[in-house]
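Chemist: Based on what follows, work out the 3D shape:
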Amino acid sequence: MHLNEVSRAIGGALDGKRACQYALEVYDYDRYFTNGAFRQSSEWLAQQFRHSGCVDAEVVELPADGRTRFQDWTMPLAFECEAAELRMVAPQSQLLCSRAAEPRCVAQWSAPTDGTVQGPLVVLDPDHLYPPGAFVLTDKHPQEVIHLARQVQPAAFITDFVRKGYPDHRTMWINAMSEEPGLWGLLAGQAKAPVFVIPPALGRQLRRMLGRQPVTLSGYIDGSLGPGTLATATAVTPGQRRDQEVVIFAHGYESGVIDNASGVAACLEAATAIGELVKRGLLTKPKRSIRWLIVSECYGMVGFYSLRPELTKAGIVGLYLDSVGDVSRADYPFTLHRTGVAQPSYANSLAQLVLDRLPADKKARYFWRHENEIPVADHMISDPMVGIVSPWLGRGHDFGAWHSSDDTPSLIDEANMYGSSFLGAVYAYFAAAAGDQEAEWLAQNMLPVLQQELNDRVKPQETERQAFWRWSLRRCAESAAQLADSEASRCRVREIARQLEAPDRFEPAPGTELDNPAVARLVPARRTWGTLTFESVPPDRRKFGSPRWSEAINDAWYWADGRRNIGQIATLVSLELGQPVRKDLGSLFELAAESGLCELQ
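Modeler: The predicted structure follows:
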């Protein structure tokens, strides 16, 4: 079925208003960001997916014990919080914050208090430790101070930390609590303490008052912190075959409507529209199945596919929707993050071709741009060891209310929710239904898209990078053959791809700039997929910190295929990213080998 026909059919069935309502319902659960709320959200999602015509709708419980490792990720402890309140009791009575009014006033992975506690308010002094049982006010992120609880347990830390540039009325959503630099969720055995979060304006008020007289506070956090489970929701729009899946996913279970109830809702709206059209006979049952997957960011994705390794073999392509529902403008567009080329794919081009087919009235209000990225978040399943190449549409830290109390229902926009749901639905159905004609059409229509990508990524005078990128982008065009049914069609796709001028082979010269040239000849054979965290490495041996968000380091990890040596990998990363060769890549792979993440041969 031609992409234009798919776009028209699905475009007529999507409902931006319904998608907004889905987002609000997800937000009603997730804004409390406890493992119990996530379980309720997952159960609701599974029910909605069933109503949309999906099968195998289920809640998958992952361990949340602070110890279990999936790939190089350690699952954090489970966090619960029933209620919390912070009050001033002297020199005046004042409610400072309450979880009933603002759930973000308690940090995720905050420890509970021992009932209601009362004590003096002090400002954290880097040169003097606070007294036991004090409420300790700081403008630092809790990760920077939580280790102090090992020496003296406070009544609670109170932070008015916000991201630089944020207005002073905002309460930050604190969702990182590990005391170890670069780590994220709270793990077993790490320092813990109660943590309240207040806006900077309130923090200034308390500091001024404290400058004039002693201040006494009282508060409680009614909750728990310990082993539990972390819920994930998934369902399948069944195709004629179940051994191949297109995977459309979002991370849910966060505190905001835009980040990321909007991405979850776009997945649900896409599933609903496709289900309605198939039920009414306006779309045929696709050849391949479509998996809808809602996970906790990174932890849920690596946990789900580690528990269900057979599904990594079924996934043929993916799409990641994150923060996709607020108003976009020419000066504030969504970003289509193109994946790298360690695993060449038609995915980036298909996403662009779909967005180009938004209905005219919706396109006028839906703005987007390209950005190049190595996948290090949920779309780490683009790693060649999994092979579900997944562009990311949406926003990251450029979302104006990211992880703050201003990420509220007032931001959700019907037209933009329609546009993001359109991408999810059309992309999913086209890839799931494609056969010979569609594969050949896609390869042909990718060529101008790939030429533009080449122009975006490489300057004409960069001779070696031109050769690398032409070789890589031709392989992306050739990958459309994966959608063809017949060998004859696959051959035609490869012929079409040859219209893109490129070398037939590209052999990277081994990087000679490595710190240890002898290591350059070693070949890493990986045992894990996904980004590197080095959480299992003692902190004093983490020469690279915890590189989970490093594009350069994880690009090198993705290029390690058991055949290339470290010198060749260093060259490929340099050519892909347009950066000098990392001289310390040998040390990186040696540390990974010492940690049991790969072998060096």
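
Chemist: Now for Pro63, how many residues are close by?
Modeler: Residue neighbour count, defined by other Cβ atoms under 10 Å, stands at 17 for Pro63. Any C-beta I mention is one placed from the backbone N, CA and C, and that applies to glycine too.

Chemist: how about the nearest residue to Ala90, chain neighbours excluded?
Modeler: Nearest residue to Ala90, sequence neighbours excluded (Cβ to Cβ, 6 or more residues apart in numbering): Thr216, at 4.1 Å.

Chemist: One more: Pro142?
Modeler: The shortest distance from Pro142 to any non-neighbouring residue, by Cβ to Cβ, 6+ apart, is to Val195 (4.9 Å).

Chemist: Go ahead and confirm the one you found touches Met177.
Modeler: Yes. In terms of Cβ atoms under 8 Å, Val195 counts as a neighbour of Met177; the distance is 7.5 Å.

Chemist: residues contacting the residue nearest to Pro142?
Modeler: 106-107, 110-111, 142, 146, 156-159, 174, 177 (Cβ atoms under 8 Å, 6 or more residues apart in numbering).

Chemist: I'd like these as CSV, with secondary structure and distance to Leu336 appended.
Modeler: CSV is the format used below for those (DSSP: H, G, I helix; E, B strand; the rest coil; distance: Cβ to Cβ, whole Å):
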residue, secondary structure, distance to Leu336
Val106, strand, 35
Ala107, coil, 33
Ser110, coil, 36
Ala111, coil, 40
Pro142, helix, 34
Ile146, helix, 37
Ala156, strand, 42
Phe157, strand, 39
Ile158, strand, 40
Thr159, strand, 35
Ile174, coil, 30
Met177, coil, 32
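
Chemist: Could you dump the residues you listed into a markdown table with distance to Gly119, neighbour count and pLDDT added?
Modeler: Compiled in a markdown table, the contacts of Val195 are given as follows (distance: Cβ to Cβ, whole Å; neighbours: other Cβ atoms under 10 Å; pLDDT from 0 to 100):
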| residue | distance to Gly119 | neighbour count | pLDDT |
| --- | --- | --- | --- |
| Val106 | 18 | 30 | 98 |
| Ala107 | 19 | 31 | 98 |
| Ser110 | 17 | 27 | 98 |
| Ala111 | 16 | 24 | 98 |
| Pro142 | 18 | 25 | 97 |
| Ile146 | 18 | 24 | 97 |
| Ala156 | 9 | 29 | 98 |
| Phe157 | 12 | 26 | 98 |
| Ile158 | 11 | 28 | 98 |
| Thr159 | 17 | 26 | 98 |
| Ile174 | 21 | 23 | 98 |
| Met177 | 22 | 28 | 97 |
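
Chemist: re the thing from before, list the residues that contact both of Val195 and Met177?
Modeler: Counting by Cβ under 8 Å, 6+ apart, the common neighbours of Val195 and Met177 are 107, 110, 142, 146.

Chemist: ok, those residues vs Ala9, which is closest?
Modeler: Checking the shared contacts of Val195 and Met177 against Ala9 by Cβ to Cβ gives Ala107 as the nearest, at 46.0 Å.

Chemist: Run through the bridge partners of Val197.
Modeler: Judged by DSSP bridges, the bridge partners of Val197 are Thr159.

Chemist: tell me the pLDDT at it?
Modeler: Note on Val197: pLDDT of 98.

Chemist: is it true that it touches Val106?
Modeler: Yes. In terms of Cβ under 8 Å, Val197 counts as a neighbour of Val106; the distance is 6.8 Å.

Chemist: mean confidence for the longest helix along the chain?
Modeler: Criterion DSSP state H: the longest helix present in the chain is helix 436-457. Averaging pLDDT along helix 436-457 gives 97.

Chemist: buried stuff in that helix?
Modeler: 436, 438-447, 449-450, 453-454, 457 (16 or more other Cβ atoms under 10 Å).

Chemist: ok now that helix, how far from the chain's centre?
Modeler: Remark: helix 436-457 is offset 27 Å from the chain centroid, using Cα atoms, centre = their mean, to the nearest Å.

Chemist: got the contact list for that helix?
Modeler: Helix 436-457 has contacts (Cβ under 8 Å, 6+ apart) with 1-3, 338, 346, 348-350, 352-353, 370, 372, 430, 434, 465-466, 469-470, 473-474, 476-478, 480-486, 488-490, 492-493, 496-497, 499-500, 578.

Chemist: What is the end-to-end distance of stretch 402-418?
Modeler: End-to-end distance for stretch 402-418, by Cα to Cα, to the nearest Å: 21 Å.
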